[in-house]
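Enquirer: Quick check, what structure comes out for this input:
(one chain, ligands or ions: 2)
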Amino acid sequence: MQVGITGGIGAGKSYICRIFKVLGAPIYNADIQAKMLMREDPKIIKEIISVFGKDAYLQNGMLNRPFLARQIFSDKRKLETMNSIVHPRVADHYNDWVRIELQIHPYVVKEAALMFTNGNYKKLDKVIVVDAPIEKRVQRVLERDHRPKNQIEDIINKQQGEEKLFNLADIKLQNDDSSLLIPEIINLHRSFSNYEILVK
Ligand SMILES: CC(C)(COP(=O)(O)OP(=O)(O)OC[C@H]1O[C@@H](n2cnc3c(N)ncnc32)[C@H](O)[C@@H]1O)[C@@H](O)C(=O)NCCC(=O)NCCS
Ligand SMILES: Nc1ncnc2c1ncn2[C@@H]1O[C@H](COP(=O)(O)OP(=O)(O)OP(=O)(O)O)[C@@H](O)[C@H]1O
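Expert: Residues are numbered from 1 along each chain as shown. Ligands and ions are numbered 1, 2, ... in the order given. Presented below is the predicted three-dimensional model:
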């Protein structure tokens, strides 16, 4: 079974994935894997340099994340170009990963900020949307990242199309401290672990 976890910036996707991980589920973090491919895949590196210039990488070959973040989160066209370079490769990489993981685990969790606008949710058996009040999300990201507040607002703006489709999710988790998350996640873990048996 393939479970997706999505939600806007700072909603708590990674926080919830850490709990699924403790319960034994393999987690695919699309943000992290995208960065790995952007650093290691020669074809992607070439395309990124041709669009964004040599400043896209630091001298040691690492991604120049603040530079790229300034470029793509303030310019819709550049964001779309970046998506078209990176997302197809992430999709292939995820497909290779999931084939192996599902041989040994009853379910996997894919964490990604984008899942509905690109149609990826259709390949997943269940999708969880994590949500929290906007002020809380901004506050969490201000504490987590060294990111200017206006960039957080830009990102929220760029993710609006995705948020409009959150009603397509199967499960909604409110991560606003108003309810206990861990028992809810343990229940989901139990039902996902038995999903194939119940469906068959
Ligand atoms: C520009 C980059 C290098 C900035 O890295 P940085 O560590 O500063 O930010 P981080 O990756 O944590 O992203 C910040 C927030 O923006 C969101 N975000 C990242 N990429 C996108 C995107 N293409 N569309 C919408 N939201 C995005 C993240 O989910 C997160 O909420 C990085 O975000 C990136 O490479 N993005 C493009 C690749 C991509 O689409 N990744 C998302 C998963 S496929
Ligand atoms: N319920 C919670 N209690 C305490 N801290 C939390 C909770 N949920 C999230 N956080 C913290 O808030 C910050 C943002 O959460 P997290 O990184 O999981 O969000 P995200 O949805 O994965 O964000 P992004 O889209 O930016 O990757 C993190 O520092 C995380 O540890």
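Enquirer: ok, the residue nearest to the spatial centre of the chain to ligand 1 distance?
Expert: Centroid check for the chain by C-alpha atoms, centre = their mean gives Ala112 as the closest residue, at 1.9 Å. Ala112 sits 6 Å away from ligand 1, going by C-beta to the nearest ligand atom, to the nearest Å. In short, each C-beta sits where N, CA and C put it, glycine included.
Enquirer: And Ala25, by the same measure?
Expert: When distance is defined by C-beta to the nearest ligand atom, Ala25 is 19 Å away from ligand 1.
Enquirer: Then Leu68?
Expert: For Leu68, the distance to ligand 1 - C-beta to the nearest ligand atom - is 4 Å.
Enquirer: which ones are touching that residue?
Expert: Taking C-beta atoms under 8 Å, 6 or more residues apart in numbering, we find Leu68 in contact with Phe52, Ala56, Met82.
Enquirer: could those residues go into CSV alongside pLDDT and distance to Ile27?
Expert: Listed next are the contacts of Leu68 as CSV, based on pLDDT from 0 to 100; distance: C-beta to C-beta, whole Å:
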residue, pLDDT, distance to Ile27
Phe52, 98, 29
Ala56, 98, 27
Met82, 98, 23
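Enquirer: most neighbours, which of these?
Expert: Greatest neighbour count in the contacts of Leu68, by other C-beta atoms under 10 Å, goes to Met82: 22 neighbours.
Enquirer: shouldn't that one be in contact with Ile72?
Expert: Yes - with contact defined as C-beta atoms under 8 Å, Met82 and Ile72 form a contacting pair (5.0 Å).
Enquirer: Up against ligand 2, what does this structure have?
Expert: 7, 9-15, 31, 113, 140, 144, 175 (C-beta under 6 Å from any ligand atom).
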